[in-house]
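J.: coordinates for the following, if possible.
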Amino acid sequence: MLTGYFHAVEAIEHRIDEVDEHALRSTRPDDVLTELVALRRQIAVLRRTLSPQRTVFYSLERPKLVLGDSVEASWPLVADRFRQAMESIENARELLVGSFDIAMTNTGQRTNDVMRVLTVISSVLLPAVVVAGVMGMNFKVGLFDDPGNFSVVVAAMIAMAVSILLVARFRRWI
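T.: Coordinates of the predicted model:
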């Protein structure tokens with residue numbers, strides 16, 4: 001009976017390893033979380049099924065317990081095997097928590113990447129927006145009299161955007 005639990009735990013641990021690989025490569029965290037929840041449920045069922053049998057297995061290691069026709073049967077070994085089964089279930093549970101940490105770290109990294117791109121885009125566009133806002137004000141300045149200055153202003157906006165992108169690239173932000 002205990003061997004069946006070991007086989008079930010081994011299958012779960014194998015599946016956890018697969019989920020870890022998928023979590024490190026996946027771009028969709030929902031798939032990984034769904035699988036983690038299913039594995040957590042399987043571990044909980046194993047634990048809830050095995051745990052109530054604790055008193056039976058621990059009573060087998062009492063001294064002078066006679067079962068069958070052998071007084072010297074190795075019944076304490078069965079209790080030890082039960083402890084090993086419970087420990088393997090707890091180990092699978094800890095592995096699952098580690099898999100969840102991997103999935104959350106991967107999600108956090110993707111969020112950081114998105115925020116980095118949004119920050120660079122905002123930094124590139126902000127100076128151009130400020131210049132366009134100033135140029136769009138309704139007041140008379142000699143700069144507005146010459147239509148060729150429009151090209152100068154657009155060139156200045158592009159130069160600022162390119163310089164910000166170069167600085168971001170140099171600092172390895174993008």
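J.: what are the buried residues along the lowest-mean-pLDDT helix or strand in the chain?
T.: Taking mean pLDDT, DSSP states H and E as the measure, the chain has helix 54-59 as its least confident helix or strand, at a mean of 78. Along helix 54-59, these residues count as buried under the neighbour rule (16 or more other C-beta atoms under 10 Å): Phe57. Where you see a C-beta, it was placed from the backbone N, CA and C, and this is true even at glycine.
J.: restricting to C-alpha, output that helix in PDB.
T.: What follows is helix 54-59 as a C-alpha-only set of coordinates in PDB (Å, rounded to 0.1, in the frame of the first residue of the first chain):
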ATOM      1  CA  ARG A  54      -0.900   7.200  11.200                       C
ATOM      2  CA  THR A  55      -2.300   5.500  14.300                       C
ATOM      3  CA  VAL A  56      -2.400   2.100  12.600                       C
ATOM      4  CA  PHE A  57       1.200   2.200  11.300                       C
ATOM      5  CA  TYR A  58       2.600   3.600  14.600                       C
ATOM      6  CA  SER A  59       0.800   1.000  16.600                       C
END
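J.: which non-adjacent residue is nearest Gly98?
T.: Excluding the flanking residues, the one nearest Gly98 by C-beta to C-beta, 6 or more residues apart in numbering is Asp20, at 7.7 Å.
J.: state the distance from the one you found to Glu94.
T.: Per C-beta to C-beta, to the nearest Å, Asp20 is found 13 Å from Glu94.
J.: okay, these two: which has more neighbours?
T.: Ranked by neighbour count (other C-beta atoms under 10 Å), Asp20 and Glu94 place Asp20 first, with 17 against 9.
J.: does that one really touch Asp101, like I thought?
T.: No. Asp20 is beyond contact range of Asp101, at 10.0 Å (criterion: C-beta atoms under 8 Å).
J.: sorry, back to before: after the least confident helix or strand of the chain, which helix or strand is next?
T.: Going down the chain from helix 54-59, the next helix or strand is helix 75-135, by DSSP states H and E.
J.: show me what that following helix is packed up against.
T.: helix 2-25, helix 29-50, helix 54-59, helix 149-170 (3 or more C-beta pairs under 8 Å, 6 or more residues apart in numbering; DSSP states H and E).
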